[in-house]
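Engineer: Pasting the sequence and the predicted coordinates here, then a few questions.
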Amino acid sequence: MSSAFQEQVDEAMSQLREQRERLLDAQRALAKKTVSVTSKNRMVTVVVGAQSEVRDITFHTEAYRTMAPAELGRTLVEALEEARKKARAEVFSTLSPMTGFGERLRASMLGGTEIGKVVEQLHAAAEEKAGPESTRWPRDPEDETDD
């Protein structure tokens with residue numbers, strides 16, 4: 001292996017380790033993350049985790065005891081849905097900076113290098129040789145012959 005290619009591989013491995021650490025840090029942070037939402041009528045607060053799991057429901061008054069069941073249910077569902085929406089937004093904002101890493105890594109390893117050009121040429125040649133029939137999937141059983 002040439003030293004230039006070995007340097008690319010070493011750099012890629014370093015980037016992978018860094019990305020893995022960032023992902024593990026995000027995973028740990030999200031495991032601890034909670035979102036609280038209080039209902040519009042200030043009667044109940046719900047707490048959900050990053051995976052939208054209900055962690056706590058706190059009633060601030062005794063008013064829920066005299067509410068119609070449908071109204072109580074609606075109050076809880078609205079608060080839970082708002083909390084889940086906020087939790088999803090937190091997860092997205094935590095993880096979105098890490099998206100696209102694989103594409104950037106691939107480009108750094110193959111883009112603009114001789115090996116990248118070779119891979120592109122091999123890919124084009126394979127497509128040309130295979131022809132349009134090779135892209136059909138799944139194969140039609142009638143195309144198969146039993147010899």
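Structural biologist: Done, it's in.

Engineer: Quick one: the helices in the chain, in order.
Structural biologist: In the chain, the segments counted as helices under DSSP state H are 3-32, 69-95, 101-110, 114-130.

Engineer: so which of the ones you listed is the most packed in?
Structural biologist: Each of those was scored by mean neighbour count; the highest is helix 69-95, a mean of 15, by mean count of other Cβ atoms under 10 Å. All C-beta atoms are positioned from the backbone trio N, CA, C, and that covers glycine.

Engineer: Show me what that one is packed up against.
Structural biologist: The contact analysis (3 or more Cβ pairs under 8 Å, 6 or more residues apart in numbering; DSSP states H and E) places helix 69-95 against helix 3-32, strand 34-38, strand 44-49.

Engineer: Thr34 is in contact with Val46, isn't it?
Structural biologist: No. The pair Thr34 / Val46 is not scored as a contact, 10.2 Å apart, by Cβ atoms under 8 Å.

Engineer: neighbour count winner among those two?
Structural biologist: With neighbours defined as other Cβ atoms under 10 Å, Thr34 and Val46 compare such that Val46 has more, 24 against 14.

Engineer: Spit out the contact partners of the nearest residue to that one once chain neighbours are set aside.
Structural biologist: Of all residues not flanking Val46 in the chain, Ala79 sits nearest, at 4.6 Å (Cβ to Cβ, 6 or more residues apart in numbering). With contact set as Cβ atoms under 8 Å, 6 or more residues apart in numbering, Ala79 has these partners: Val37, Thr38, Ser39, Val44, Thr45, Val46.

Engineer: Domain-wise, how is the protein divided?
Structural biologist: 3-27+100-130, 33-97 (automatic domain parsing).

Engineer: Find the residue at the geometric middle of this structure.
Structural biologist: The centre of the chain sits closest to Leu95, judged by Cα atoms, centre = their mean, with a distance of 7.2 Å.

Engineer: Now find how far off-centre stretch 91-106 is within its chain.
Structural biologist: With Cα atoms, centre = their mean, to the nearest Å as the basis, stretch 91-106 stands 9 Å off its chain's centre.

Engineer: Mind listing residues that contact that stretch?
Structural biologist: Ala12, Gln15, Leu16, Gln19, Arg22, Leu23, Ala26, Ala29, Leu30, Lys33, Ala50.
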